[in-house]
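structure of the sequence below:
(one chain, ligands or ions: 1)
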Amino acid sequence: MQLGLPFVDDSRAPTRESSIAPTGAETVEPTSVSRIGPTADSSIAPTSGSSIYFVRHRRARRYLLRVEHDGRLRVTIPRGGSKREADAFVHRHTDWVARQRARLRSSAFGSEERTALRARARTELPPRLLEIAAEHGLTVTAVSIRNQRTRWGSCGPDGTISLNWRLVLMPPAVRDYVLIHELMHLKRLDHSPAYWKLVAAACPEYRESRQWLRINGPALR
Ligand SMILES: [Zn+2]
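Numbers count the residues shown, from 1 in each chain. From the prediction side, this is the model:
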């Protein structure tokens, strides 16, 4: 389970969010894992130009697709999987891939700009997150910077926090609110009144920040 902070945060009422929403996910997974036996096919080469590439991942349990921020499609082949199966998997998800690429192109930022901003996010956001975590005696297992299309951040039950690179475009107070929002999920993985009390205690001005996100958030896409 993972709890995300959506671009439009309507979580006033206590709600229990479950897994990653399909619209915000950067990867797709097959509904059933099709495992096939060991294969002689170990040559991983791009099929059509450089817009697609394959990686083998011993720990992957299923085929995964991911459209990189430069538009390339990364296909993860699980242990025991084959290039042929991977090709078939890509084929079944061509619509999804096209949609992801279309969304990339419709972004408010050019690809070079996005790359630069992501690099900045990787440098700036994790130290700030850990700094605030330390102030509250919280332990973050791992931080990742992502290109979520519909959320500012998310927190998993294992203590991992994912942050949207767009946070570097926000006023520091708003950015800190998002970081605090995710950090407080380490204490409570819900949006209950008790959870919001924790947020208010750590970030008294959080309502202004939420308002800022509602108004300005969509333009950051
Ligand atoms: Zn939340």
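
okay, CA-based contacts and neighbour counts for the rest of this
Will do.

what is the least confident helix or strand in the chain?
Using mean pLDDT, DSSP states H and E, the weakest-scoring helix or strand in the chain turns out to be strand 27-28, at a mean of 44.

which neighbours does whatever helix or strand comes next after that strand have in its sheet, and in what orientation?
Downstream of strand 27-28, the first helix or strand assigned by DSSP states H and E is strand 52-57. When pairing is defined by DSSP bridges, strand 52-57 lines up against strand 73-78 (parallel).

which residues does the partner strand contact?
Contact partners of strand 73-78, identified using CA atoms under 8 Å, 6 or more residues apart in numbering, comprise 51-68, 83, 86, 90, 97.

list buried residues within these.
Among the contacts of strand 73-78, the ones that count as buried by 16 or more other CA atoms under 10 Å are 52-54, 56-57, 61-68, 83, 86, 90, 97.

next one: Lys187 relative to Leu198, how far apart?
9 Å (CA to CA, to the nearest Å).

neighbour count winner among these two?
Leu198 (18 against 13; other CA atoms under 10 Å).

find the nearest non-adjacent residue to that one, please.
Closest residue to Leu198 apart from its sequence neighbours, by CA to CA, 6 or more residues apart in numbering: Met184 at 6.6 Å.

what's around the one you found, how many residues?
Neighbours of Met184 under the rule other CA under 10 Å: 23.

give the buried residues for the lengthiest helix in the chain.
Secondary structure of the chain per DSSP state H: the longest helix is helix 111-135. Residues Arg114, Leu117, Arg118, Ala121, Arg122, Leu125, Pro126, Leu129, Leu130, Ile132, Ala133 are the ones in helix 111-135 that count as buried (16+ other CA under 10 Å).

nothing else from me, thank you.
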